[in-house]
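Participant: just need the structure, nothing else, for what follows:
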Amino acid sequence: MSSTDCNKRSPEVLTAIGKVTLEKLESLASKVRDDVATEADRLNHEILREIVALAMNRVSVKQNESAVEKGDAAWTERTESHYPHIRLHGGALEDDPLKMNI
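Facilitator: Below is the predicted model:
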């Protein structure tokens, strides 16, 4: 899928993708908790966890940057090689890719 295809998705489609992603994440998390997950299940669980975390981080960044534009206090940081991330408790939530052993 090209970035152009991604940009043509309607809010309804994106909402459905988000809901299905969260449902699949919970299903895989249940398998992991019950110790019945396959190696593929575990890898998919980690990837979905990362996607959800990044999406939540992006929303927080947008909210914080909007707050800063209005004059409120919020701390965000941008780097050349990463999307914006939020500094929290002296650390940073970064958009680093998963380190996978494939």
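Participant: mind listing what's buried in the helix or strand that contains R58?
Facilitator: Using DSSP states H and E, the element containing R58 is helix 39-69. Within helix 39-69, the residues that count as buried by 16 or more other Cβ atoms under 10 Å are 43-45, 48, 54, 57-58, 60-61, 64. (Each C-beta comes from the backbone N, C-alpha and C, glycine too.)
Participant: which residues does the closest residue to T21 other than its chain neighbours contact?
Facilitator: Closest residue to T21 apart from its sequence neighbours, by Cβ to Cβ, 6 or more residues apart in numbering: L48 at 6.1 Å. Neighbouring residues of L48 by Cβ atoms under 8 Å, 6 or more residues apart in numbering: 21, 24-25, 28.
Participant: please narrow the residues you listed to those residing in helices.
Facilitator: 21, 24-25, 28 (DSSP state H).
Participant: most neighbours among these, which one?
Facilitator: L28 (22 neighbours; other Cβ atoms under 10 Å).
Participant: ok, it touching L43?
Facilitator: No. Counting by Cβ atoms under 8 Å, L28 does not reach L43; the two are 9.6 Å apart.
Participant: and V20, how many neighbours?
Facilitator: By the criterion of other Cβ under 10 Å, V20 has 10 neighbours.
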